[in-house]
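A.B. asks: give me a model of this one.
(chains A and B)
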Amino acid sequence: MEHFIIGTWMLFGDLEALFIFVLGLLGGMFFGAIPGVNMLTLGAVILPFTISMEPTHAVMLYSVIYCSGVFGGAITAILFNIPGAPENAPTCFDGYPMTVKGMAGKAIGAAVCCSAIGGVCSALLMMSATGPIANWAIRAFGSQEIFALIFFGLAVSASIGSANLWKGWLSVFAGLLLATIGTDPVGGIPRFSEWSILNWEYKSYYLSAGLHFIPMILGFFAVSEVLVQATAISSGMRQRMKASMEFPSIVEFWKVRYTMVRSIFIGFFAGILPGIGATLAAFLGYSQAQKWSSRKANFGKGEMEGVVASETANNAATGAAMIPLLALGLPGGALTAMILGIFQIHGMEPGPLIFKNSNDLVWITFAAMFWANLLIVMLGWIQTKTVVHVLRIPFRYLAPIILLLATVGAYALRNLMIDVWIMFFAGILGYFMRSTGYSPAGIILGLILGNLGESAFSKSMQLMNYDFLGFFSRPISGILLALGGLAIISSIWTEIKTSRSPQSAIKRTDN
Amino acid sequence: MSFPKRNVYFKPTAEWLMWMILVLIALSQVDNFSQEIAAYKFDADGWPITITLALGVGATLQFFFQLWRLGAGVDIDDSNEEADTGEKAEFNTSRETRLTNIAIFLLPFVYLYFAPRMGIYFITPIFIISLMLLLKVRSIKALLGITAVAYLLLLVVFTRFFYVALPVGRWDFFYDFNNWIIVVSRIGM
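C.D. replies: Residues are numbered from 1 along each chain as shown, chains lettered A, B, ... in the order given. All right, here's what the predicted structure looks like:
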């Protein structure tokens, strides 16, 4: 408590720190809420400016951007079906249908409150037990457990957002295949960077670095959404969305309290594990909410519980993701990797000693994340009342701006035009996938988890001397693999049972 | 019992063929990186081959499943149009609409082709106005206003404050023009 008070005093007592805090908070929310760019774009473009900052301020700035950016990404997911970051992708499933129904205010209100609750709980857990949690995670979670968790996550989340189980799995497999482009994690051998089909040959140094998920997510969501809406406009089909300001009531929140608690635990648990991060947390939170909900048939059609589940889980993962970063020097995602970059720029090394050597830095960061999450409620409420008006702007005016921002966002990542080409190709692919019932979110999930999964699998195999049963000799990995297997069998059984009934032709919304 | 029409098999067959072509292409490229790794039994190609085969098995299972459902007289339409546009899709399929839709799909690639040659700062306003014209915006005020807002955003936020090094073009005149715009946008800094 004493450390937290000192951290808070350092934050609010120093004008420069306070200015950077406010800038990070507003910047994260603003960039997160602009369709086409996101908190990672902001993080990437301001990274060079952190050289002249104090390391304490620079790390604090990025941690605040992380909290507010994850929330900000929900706004575009809800209003335009364009998630600001991969962890906001499940928010689209119910957030956007709520907007279509004229309940955008309610959806954003739910996202605001749940992001804040998830983030604050996560920050409190982070402050109370960073050291012990990090030690437990590193001892209990080896590569076998990480692979098993990824398998479990994919098994329960694969069919989310798709028309049926098969299309969900095919989307995930396509994402996993795209993730193999680049270098293999064991021998560093370039894969799929050289192509020879009949007499046509192609070689790309760019492809040896792999496909970055930011252009892909911008393509699959932002560009494909613009194409969907643009073709609807040209065909005279598009209806303007209704802008509503209604905030969810306390009774409505009370009804989803168990979903919130479950998502906090899922988010925190997934966030702690290095590399798994908030994306898997959001997908798991959503799939579990759907599984246990009494209104599971409404999921995918504009159910507030779906927004609550994914937004609570992804913000609960933000605080947790700082634990392996600060205590062990292991980043859990793209933005935490940038924070690691800041440490390196300033010649510092995160790890167990950081709590002794840079106590100020740790506690100002913790305090900033706590206050940022609390302030999200207030700023988010104001944002709800203002940003919903964007829906009043005709989409034909917004479309070029979205495409321009997406182009700049994809390009600014590595200053490569090929990222923009990939984004537009992904956009067209996403358009056709959506019109045939496949899931762009599934592809993104496969793309993000593919490398991590392969890396964990290869390490596990080497450690277990290529004995597959070795996974079951460790309790956590054994249980996770068994649960994942059961989830697959049960979903195939449900698919077979329901697929010949006439109702199965109606769009699939549950597992 | 009514038997499904023959053309209902076209969509699932085409879908399955598309996946199988992708699987075959991926497998045919594996030789390019099929190298032994001393410390790892499955080599560099083990994982991609497994994923590709899983993709093929999944696509085949989906195909048989769709045939099975068609055999039972169940509709297999999985389109998401309703969710995406907020209503049932019954598209206007006039020639003009089809051409407009094709142009909407092609325009970004024209933009991407010319952006490195003519520079972002020159080609962007043309792109924005073209897209809005395709989206049936006819008001001069709206065309110029939205273009100005987007262009200001590009100049003020990304060029002036964030120093994003956007392409300035390779062709002489355009290179000079783009650099002039950058200098103007950073006046006073």
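
A.B. asks: hey, where'd the strands end up in chain A?
C.D. replies: Assigned by DSSP state E, the strands in chain A fall at A:182-183, A:190-191, A:194-197, A:200-203.

A.B. asks: does the helix or strand hosting B:M132 reach chain A?
C.D. replies: Element membership of B:M132 [criterion: DSSP states H and E] is helix B:120-134. Yes: Helix B:120-134 is in contact with chain A by C-beta under 8 Å from any C-beta of the partner chain, via B:124, B:127-128, B:131-132, B:134. C-beta coordinates here come from the backbone N, C-alpha and C atoms, glycine included.

A.B. asks: report the two of those residues separated the most.
C.D. replies: Farthest-apart pair in the residues of helix B:120-134 next to chain A is B:T124 and B:L134; separation 15.7 Å (C-beta to C-beta).

A.B. asks: and the gap between B:A38 and A:Q462?
C.D. replies: Counting by C-beta to C-beta, to the nearest Å, the gap from B:A38 to A:Q462 is 11 Å.

A.B. asks: looking at the two, which has the bigger crowd around it?
C.D. replies: More crowded of B:A38 and A:Q462, by other C-beta atoms under 10 Å in any protein chain shown: A:Q462, with 15 against 7.

A.B. asks: surely the more buried one touches B:Y40?
C.D. replies: Yes: using C-beta atoms under 8 Å, A:Q462 makes contact with B:Y40 at a distance of 6.6 Å.

A.B. asks: pull the longest helix from chain B.
C.D. replies: Across chain B, the longest stretch assigned as helix under DSSP state H is helix B:46-71.

A.B. asks: I figured A:L404 was touching B:I123, is that so?
C.D. replies: No: A:L404 sits out of contact with B:I123 when judged by C-beta under 8 Å, with a separation of 10.9 Å.

A.B. asks: quick check, the residue in chain A closest to chain B?
C.D. replies: Chain B sits closest to A:G437 of chain A, with a gap of 3.0 Å, by C-beta to the nearest C-beta.

A.B. asks: so for stretch A:442-453, mean pLDDT?
C.D. replies: Across stretch A:442-453, pLDDT averages out at 86.

A.B. asks: stretch A:59-71 too?
C.D. replies: Confidence over stretch A:59-71 (mean pLDDT, whole number) is 85.

A.B. asks: helix or strand next in line after the helix holding B:M132, which one?
C.D. replies: Scanning forward in sequence from helix B:120-134 by DSSP H and E, the next helix or strand is helix B:140-153.

A.B. asks: other SSEs contacting that next one?
C.D. replies: Packed against helix B:140-153 by the contact rule (3 or more C-beta pairs under 8 Å, 6 or more residues apart in numbering or on different chains; DSSP states H and E) you find helix A:395-414, helix B:120-134.

A.B. asks: quick one, helices of the stretch 251-400 of chain A?
C.D. replies: Applying DSSP state H, counting those that start in this stretch to the stretch 251-400 of chain A gives helices spanning A:257-272, A:277-292, A:304-328, A:334-345, A:354-357, A:359-387, A:395-414.

A.B. asks: the closest residue to A:H57 other than its chain neighbours and A:V59, how far apart?
C.D. replies: Once flanking residues are discounted, A:H57 sits nearest to A:I20: 5.0 Å by C-beta to C-beta, 6 or more residues apart in numbering or on different chains. Distance of A:I20 to A:V59, computed by C-beta to C-beta: 11 Å.

A.B. asks: quick one, which of those two is more surrounded?
C.D. replies: The neighbour comparison of A:I20 against A:V59 (other C-beta under 10 Å) goes to A:V59, with 28 against 22.

A.B. asks: contacts only, for the more buried one.
C.D. replies: Contact partners of A:V59, counting by C-beta atoms under 8 Å, 6 or more residues apart in numbering or on different chains, are A:339, A:342-343, A:361, A:365.

A.B. asks: burial check on B:F10, number of neighbours?
C.D. replies: By other C-beta under 10 Å, the residues close to B:F10 number 10.

A.B. asks: what about it, helix or strand, and which?
C.D. replies: Following DSSP H and E, one finds B:F10 within helix B:10-29.

A.B. asks: any idea how many residues pack against A:T498?
C.D. replies: Using other C-beta under 10 Å, A:T498 has 13 other residues around it.

A.B. asks: buried ones in stretch B:171-183?
C.D. replies: Across stretch B:171-183, burial judged by 16 or more other C-beta atoms under 10 Å in any protein chain shown covers B:174-175, B:177-178, B:181-182.

A.B. asks: same question for stretch A:344-356.
C.D. replies: Within stretch A:344-356, the residues scored as buried using 16+ other C-beta under 10 Å are A:346, A:348, A:350-351, A:354-355.

A.B. asks: farthest pair within the residues you listed?
C.D. replies: Taking C-beta to C-beta as the measure, the buried residues of stretch A:344-356 span a maximum distance of 17.1 Å, between A:H346 and A:F355.

A.B. asks: residue contacts, the residue nearest the centre of chain A?
C.D. replies: The residue lying closest to the centre of chain A (C-alpha atoms, centre = their mean) is A:E87, at 1.5 Å. Counting by C-beta under 8 Å, 6+ apart, A:E87 makes contact with A:70, A:73, A:277-279, A:281-282, A:310, A:314, A:317.

A.B. asks: lowest pLDDT pick from those residues?
C.D. replies: If you rank these by pLDDT, A:G277 sits at the bottom with 70.

A.B. asks: for that one, give its distance to B:T124.
C.D. replies: From A:G277 to B:T124 the distance is 34 Å (C-beta to C-beta).

A.B. asks: more neighbours: which of these two?
C.D. replies: Taking other C-beta under 10 Å, A:G277 and B:T124 do not tie; A:G277 has more neighbours (29 against 22).

A.B. asks: touching, the more buried one and A:G271? I think so.
C.D. replies: Yes: the pair A:G277 / A:G271 is scored as a contact, 6.5 Å apart, by C-beta under 8 Å.
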